[in-house]
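[1] heads up, no residue letters with this:
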């Protein structure tokens, strides 16, 4: 059990700067998801916490101790790798007990701990098998087991579910979350999947281009994205972003008034989530829909703003909406509370 | 339908033809060995009087006993032992050294890493024969003539094996090394617990190749062993040939040849499974 503090962490590989200073306070027992597109530095950040990469500048504290120069084994962490990294020639039992064996624990104690972890993960019948005799989900569990037996203060997960099929992924993400809550161990979890981030995180760190765009609870990030990037990255389908401007306490796309806005006049980026577009008959936003994707419970509609062929819009409406004609017109309204405005220069959130 | 049966017949013909070729090939290759075996089971007068016998005679035990226990210069048993010590020494030594140097080159970042690798790689181009005089000078200087260390050490470094192990180590995922590091394994611990067991089939394959390489060394033992007690069998056969007017004891020499072939065959046959697996798949 430990809190983790990152203070202005930077990393460069030679002349290439990949992480530009990240600060985060992770509380004891918290489940933190680091989410971002590939190449944003999220895995590098995790590997620095693990001690597998050196830290160019800044400090990492695990518990209350500075951990910058510590070897991975001395940091009291356990890591689950994307491809599981199980030792292929060892049985499940040996894989799970290897760290303890190196720590020179007595054999009886290792056996007891491995047995406990196997029970927790329902791996007992598989203990004598080799990794190649296991399915993807089972290997994933063994990798978790190897992390659990060490009773670390911090769990580190590096995209652990990305090699599993969709159904198993949903199941494993619940299992991981449940397990982490039961054990109360602080966890850092790296993923590029925003659904995993939304469902698993106590708080998430949205990363892009080596900086933390936003750190907050999933609902915070969803409801009040602090940057344009966070707004577009979290939520599926992605938020509609329009070039708009504020004029006399109104936000407008060209000359269509969308809703009230504070602040001084000038150009802004206007964000509206597809699921916040409501179908009405007398609306400012009219769209001609070219594509509909019925998902059962709701339907995704893709089209262009009527009159503006270069402005695309996506809406997600409850129920089934099939295209009766080739192009089909629909009017949308949006609640003032669901309007997001961003500074077009900095990408920062503006008050509405 | 007709065409199909024609196809089958053609395939049948092809099958017979390939088998015919292979059997002929085996017979041609096997014939000298058969002759050697026949010659090792008859008496000296029977060999020298034409026509040469093609069926084994009744002196098998007698000839082999003479060869093993007294030989011509030195009992063949001694030479077999010398060869065995040399071949195993070379094979095991080469494997240990290559494993360690490949491990260093792949897993450690030290200054001059690539230079060292290319230097090792370059020595691939220098066979024993090219560097034989300076090597002889060095070995003589160390007083290692007529000794096992003199037979083994000059041949113990292997660029080929280092290169093969390097290629294999590069296929081991980095995460495995990282997982071991998180588990607290020091580099040598990682080497012994993870890398070594994973290389097991490669080691077996190399052992077979290197054992035969060591066993078949001819020029080097010929140069540095003047004492018959230190002769190895492959060169020892040559030493059995008569000089001057002595009469060649062909049955004993042939028995020695047959005996010289047996250990490599045993090694290949007993390790065949591992050998093939080592060449075909890399266990990951």
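    Good, I have the coordinates. Predicted model only: the values in this text are computed from it and were never measured.
[2] in the stretch 51-200 of chain B, what residue lies closest to chain A?
    Closest residue of the stretch 51-200 of chain B to chain A, C-beta to the nearest C-beta: residue B:184 (3.3 Å). Just so you know, the C-beta spots here come from the backbone N, C-alpha and C atoms, and that holds for glycine as well.
[3] now do the contacts for that residue.
    A:71, A:72, A:73, A:99, A:102, A:103 (C-beta atoms under 8 Å, 6 or more residues apart in numbering or on different chains).
[4] again, 10 Å this time
    Residue B:184 sits next to A:71, A:72, A:73, A:74, A:98, A:99, A:100, A:101, A:102, A:103, A:104, A:150 when contact means C-beta atoms under 10 Å, 6 or more residues apart in numbering or on different chains.
[5] the longest helix seen in chain A close to chain B?
    Longest helix in chain A, counting residues (DSSP state H): helix A:166-183. No: using C-beta under 10 Å from any C-beta of the partner chain, we find that helix A:166-183 stays clear of chain B, coming within 17.7 Å at best.
[6] quick one, phi psi at residue A:8?
    Backbone torsions for residue A:8, taken as degrees, to the nearest 10, come to phi 50, psi 50.
[7] neighbours of it, how many?
    Using other C-beta atoms under 10 Å in any protein chain shown, residue A:8 has 11 neighbouring residues.
[8] what's the closest non-adjacent residue to it?
    residue A:58 (4.3 Å; C-beta to C-beta, 6 or more residues apart in numbering or on different chains).
[9] tell me the SS of that neighbour?
    Classification of residue A:58 by DSSP: H, G, I helix; E, B strand; the rest coil places it in strand.
[10] residue A:7 is in contact with that one, correct?
    Yes: counting by C-beta atoms under 10 Å, residue A:7 is a contact partner of residue A:58 at 5.4 Å.
[11] what's around the residue lying closest to residue A:177 once chain neighbours are set aside, how many residues?
    Closest residue to residue A:177 apart from its sequence neighbours, by C-beta to C-beta, 6+ apart: residue A:200 at 5.2 Å. Residues lying near residue A:200 (other C-beta under 10 Å) number 24.
[12] show me the contacts for residue A:200.
    Residues near residue A:200 by C-beta under 10 Å, 6+ apart: A:31-33, A:35, A:157, A:161, A:173-174, A:176-177, A:180, A:187, A:189, A:191, A:193, A:218.
[13] out of those residues, which is nearest to chain B?
    For these, the residue nearest chain B by C-beta to the nearest C-beta is residue A:157; the value is 12.5 Å.
[14] can you list the domains in chain B?
    B:12-62, B:69-282 (automatic domain parsing).
[15] please list only the buried members of the contacts of residue A:200.
    With burial judged by 16 or more other C-beta atoms under 10 Å in any protein chain shown, the buried subset of the contacts of residue A:200 is A:31-33, A:35, A:157, A:161, A:173, A:176-177, A:180, A:187, A:189, A:191, A:193, A:218.
[16] kindly provide the distance from the closest residue in space to residue A:52 that isn't next to it in sequence to residue A:83.
    Nearest-residue entry for residue A:52: residue B:178, 5.3 Å, with adjacent residues in sequence omitted and distances by C-beta to C-beta, 6+ apart. Separation of residue B:178 from residue A:83 (C-beta to C-beta, to the nearest Å): 11 Å.
[17] residues that sit against both of the two, list them.
    By C-beta under 10 Å, 6+ apart, the residues touching both residue B:178 and residue A:83 are residue A:158.
[18] quick check: the residue of the stretch 201-350 of chain A nearest chain B.
    Closest approach between the stretch 201-350 of chain A and chain B, counting by C-beta to the nearest C-beta: residue A:207, at 21.1 Å.
[19] that residue contacts residue A:213, correct?
    Yes: using C-beta under 10 Å, residue A:207 is in contact with residue A:213, at 6.7 Å.
[20] mind listing the shared neighbours of these two?
    A:35, A:36, A:40, A:229, A:230, A:233.
[21] so which of these are in helices?
    Using DSSP H, the shared contacts of residue A:207 and residue A:213 in helices are A:229, A:230, A:233.
[22] out of the residues you listed, who's the most crowded?
    residue A:230 (29 neighbours).
[23] low-confidence ranges, chain A, go.
    Of all residues in chain A, those with pLDDT under 70 make up the ranges A:1, A:325-327.
[24] how about the helices in it?
    Secondary structure of chain A by DSSP H: the helices cover A:42-50, A:92-102, A:107-120, A:136-149, A:166-183, A:194-200, A:218-223, A:228-233.
[25] adding distance to residue B:69, write the ones you listed out as CSV.
    Below are those laid out as CSV (distance: least, C-beta to C-beta, whole Å):
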stretch, distance to residue B:69
helix A:42-50, 66
helix A:92-102, 50
helix A:107-120, 52
helix A:136-149, 59
helix A:166-183, 70
helix A:194-200, 77
helix A:218-223, 86
helix A:228-233, 85
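[26] nearest spatial neighbour of the residue in chain A positioned nearest to chain B, skipping sequence neighbours?
    Residue nearest to chain B within chain A: residue A:73 (3.3 Å; C-beta to the nearest C-beta). Leaving aside its sequence neighbours, residue A:73 sits nearest to residue B:184 (C-beta to C-beta, 6+ apart; 3.3 Å).
[27] quick check: the one you found vs residue A:99, distance?
    Taken as C-beta to C-beta, the span from residue B:184 to residue A:99 is 6 Å.
[28] so what sits against both of the two?
    Jointly contacting residue B:184 and residue A:99 under the rule C-beta under 10 Å, 6+ apart are A:73, A:150.
[29] now stretch A:304-317: buried residues?
    A:304, A:305, A:306, A:311, A:313, A:314, A:315, A:316, A:317.
[30] now do the contacts for the last one.
    Residue A:317 makes contact with A:274, A:275, A:277, A:278, A:279, A:292, A:298, A:299, A:300, A:301, A:330, A:332 under the criterion C-beta under 10 Å, 6+ apart.
[31] try 7 Å
    A:279, A:298, A:299, A:301 (C-beta atoms under 7 Å, 6 or more residues apart in numbering or on different chains).
[32] go on, the third one?
    Residue A:306 makes contact with A:286, A:287, A:288, A:329 under the criterion C-beta under 7 Å, 6+ apart.
[33] which ChimeraX command selects the buried ones in these?
    To isolate the buried members of these in ChimeraX, using 16+ other C-beta under 10 Å:
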select /A:286,287,288
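[34] among the contacts of residue A:306, which lie within strands?
    In strands, defined here by DSSP state E, the members of those are A:286, A:287, A:288, A:329.
[35] how many neighbouring residues does residue A:153 have?
    Residue A:153 has 18 neighbours, counted by other C-beta under 10 Å.
[36] what does chain B put close to chain A?
    With C-beta under 7 Å from any C-beta of the partner chain as the criterion, chain B meets chain A at residues B:173, B:175-176, B:178-179, B:181-185, B:189, B:194, B:197-198, B:283-284.
[37] just the residues you listed: which has the poorest pLDDT?
    Within the residues of chain B next to chain A, pLDDT reaches its minimum at residue B:284, with 41.
[38] next one: residue B:32 from residue B:49, what distance?
    For residue B:32, the distance to residue B:49 - C-beta to C-beta - is 20 Å.
[39] related to what we said a few turns ago, which of residue A:207 and residue A:213 has more neighbours?
    Just comparing residue A:207 and residue A:213: by other C-beta under 10 Å the higher neighbour count belongs to residue A:207, 26 against 23.
[40] understood, closing this out.
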